[in-house]
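A.B. asks: Pasting a predicted model and its sequence here:
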Amino acid sequence: MYTRQILEQPGSFVKNKRPVFGTFAGHPKRLDIRGVYKPYGTVPIPTLITNLRIKSRLSFYFMIGEYAGSISFVDAKVFGFAEVVFWNTATKQKFVYRSVMGPRKRFVPHGLETASTSSYKKSRYIRISWDRRHDKLSVIFNLHGDSVRPSANAALVAAFSDKSFAELTTVLPAPTLRRCSGIYNAAMSLHGAITLIPGHGAIRTMSDADGLAFMNMHRTYMKFRSHGETITAMGTVAGKKVSFRIESGSQNSVNREFYNANVLFCDGTVTPLPPVLMTHSYGISNKWIIQDTENMVDLTFTPVSENLSKISIFILRTVYHTIFGTLEGTIMTAAGEKISFRSMTAIAENYLIRL
């Protein structure tokens, strides 16, 4: 069965101007990969310039009450982008709210002890913050609607001390040994509520509920053109809280057996997963097949609803498909326990980035 060694945190992910690769237990104080020497070859480009090629993304996936969705912050250095997209899992109705942010020193924080990231617009207030000293991760959004969309408010909280909380950090070649990606993943229990306020009609308020969430922070030295796919899933199976994330793309290391960020969290226990192959022969809107060669991952993803985001500013162009759907199949823990499920909530992403 596939295994990948989990190491202690190295303190810094760049030492003597070279990346420190590996899979690391827990979280670092800072997810910072700046300062790599000549990440784009032998051309002596100043580090100040190559640091600008590091692009960051913070994604928070949630499943609470009858809603499931994601909150994303994208840091492209010269501007930022925030998006909230969620679905009513019963009616399949989609709600999308976007915000473009002007120049700011940092859109996605480095710190993993205490930090916050926000979109401050009155019509699109979105904030994700955390403070481990006070054992709290908080998500708030206050989104004004229009003639098509209702206004939406949410207050969601999670505790780092909860027994289901689990985390893992990986630093990978991206895709060569000269460059790197730093990836932090965490699964947690969630508590809170979402309120929808239509322009006409009754306010739809849900009572405070318990749910699940998954946080992903990703920093990488980007190539000029990148593409990839991810699957993030959350659910309760036989009384156990199960979350996992699987990635595949052009930034992947050549040696994916040793260097990948795929991970399964089950009731606070961490299982590094093997590399997988994701196929969708009839397009991303039809069934996806997700399998590995170690018989640990055998899944089918059925898309239900898709959200397409396109950004084109100067030389930057992104095409991002966020797809809500369900998973069925099996996945195996490091202890050899096979977890089987049907209709697990999942969010897939298919992206193309040119910058």
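C.D. replies: Received the coordinates, thanks.
A.B. asks: ok, now which ones touch N51?
C.D. replies: Under the criterion of C-beta atoms under 8 Å, 6 or more residues apart in numbering, the neighbours of N51 are 34-35. The way it works is simple: take the backbone N, C-alpha and C, and place the C-beta from them, glycine included.
A.B. asks: and with 6 Å instead?
C.D. replies: The neighbourhood of N51, defined by C-beta atoms under 6 Å, 6 or more residues apart in numbering, consists of R34.
A.B. asks: same thing with the one 5 residues further on?
C.D. replies: When contacts are counted by C-beta under 6 Å, 6+ apart, S56 touches 75, 108, 219.
A.B. asks: gap between the last one and E113?
C.D. replies: Between R219 and E113 the distance, using C-beta to C-beta, to the nearest Å, works out to 17 Å.
A.B. asks: More neighbours: which of the two?
C.D. replies: A count of neighbours by other C-beta atoms under 10 Å puts R219 above the other of R219 and E113, at 25 against 12.
A.B. asks: right, and the helix or strand after the strand or helix carrying that one?
C.D. replies: Using DSSP states H and E, the secondary-structure element containing R219 is strand 209-221. Past strand 209-221, further along toward the C-terminus, the next helix or strand under DSSP H and E is strand 225-237.
A.B. asks: so for that next one, what's the average pLDDT?
C.D. replies: Looking at strand 225-237 alone, the average pLDDT works out to 94.
A.B. asks: got the angle between that strand and strand 209-221?
C.D. replies: Going by axes from the mean of the first three to the mean of the last three C-alpha atoms, to 10 degrees, strand 225-237 is angled at 160 degrees with respect to strand 209-221.
A.B. asks: helices or strands next to strand 225-237 in the packing?
C.D. replies: Contact analysis of strand 225-237 by 3 or more C-beta pairs under 6 Å, 6 or more residues apart in numbering; DSSP states H and E lists strand 209-221, strand 240-249, strand 338-354 as its packing neighbours.
A.B. asks: who wins for proximity to W87 among those strands?
C.D. replies: Between W87 and the helices and strands packed on strand 225-237, the tightest spacing by C-beta to C-beta is seen for strand 338-354, at 9.1 Å.
A.B. asks: Contacts for the closest one, please.
C.D. replies: Residues outside strand 338-354 that contact it (C-beta under 6 Å, 6+ apart) are 61, 63, 68, 70, 225-227, 229-235, 237, 284, 301, 317-328, 330-332.
A.B. asks: list the buried ones in it?
C.D. replies: With burial defined by 16 or more other C-beta atoms under 10 Å, the residues of strand 338-354 counted as buried are 339, 341, 344-353.
A.B. asks: what does stretch 238-245 give?
C.D. replies: Within stretch 238-245, the residues that count as buried by 16+ other C-beta under 10 Å are 241-245.
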